[in-house]
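S.K.: Turn this into a model:
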Amino acid sequence: MADRPPRPWTAIGLGLVFGLYAVLLVAAVRTGAHQAFTGWTAKLLTLGGIALGLLPWGAWLRPRIVWGLGLLGCWALVACYLVLLAPIALVVRLIGDPLSRRRPAPPPTRLVGGPAGSSHWLARPPLPNTLDAARVEY
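M.R.: Predicted coordinates:
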């Protein structure tokens, strides 16, 4: 028989059971570790106890943790873009002129295919007509 998808109420119930288990686990391990030890030792024992307590739930937790971390990564990238890159892009867009298009236009010249004075191309000196002149240029 093919695997049926879990019923929504089963998934919600399982999530509630896991949530209750996790809260009780953290409370119990933290209380025990902090009564027996102090400082970093208590904190490390708390983390170790939580990790051991969640070990039986590993198969159920793994895909959910991967999904959650992927979503968190997407949110972090969007936040970095909005906080760091977007303001810089706006400032560069408003101030910068990478093609130097805002300089005064050259005297009106008639170029092929455009009205006089509308081009931003720079005038270029003519190329030499002979081979000897071209060799001297370079």
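S.K.: Only C-alpha atoms from now on, for both contacts and neighbour counts.
M.R.: Fine.
S.K.: which SSE is Leu69 in?
M.R.: Assigned by DSSP states H and E, Leu69 falls within helix 58-80.
S.K.: Arg124 now?
M.R.: Going by DSSP H and E, Arg124 is not in any helix or strand.
S.K.: Please apply the same query to the one 5 residues further on.
M.R.: Assigned by DSSP H and E, Asn129 belongs to neither a helix nor a strand.
S.K.: what number of residues lie near it?
M.R.: 8 (other Cα atoms under 10 Å).
S.K.: how far away is it from Val136?
M.R.: Using Cα to Cα, to the nearest Å, Asn129 is found at 12 Å from Val136.
S.K.: Ala22 too?
M.R.: In terms of Cα to Cα, Ala22 sits 83 Å off from Val136.
S.K.: So which of these two has more stuff around it?
M.R.: A count of neighbours by other Cα under 10 Å puts Ala22 above the other of Ala22 and Val136, at 15 against 8.
S.K.: what sits against the more buried one?
M.R.: Neighbouring residues of Ala22 by Cα atoms under 8 Å, 6 or more residues apart in numbering: Leu54.
S.K.: now it: how far from Gly39?
M.R.: 23 Å.
S.K.: Quick one: low-confidence residue ranges for this structure.
M.R.: Residue ranges of the chain with pLDDT under 70: 1-2, 5-8, 98-121, 137-138.
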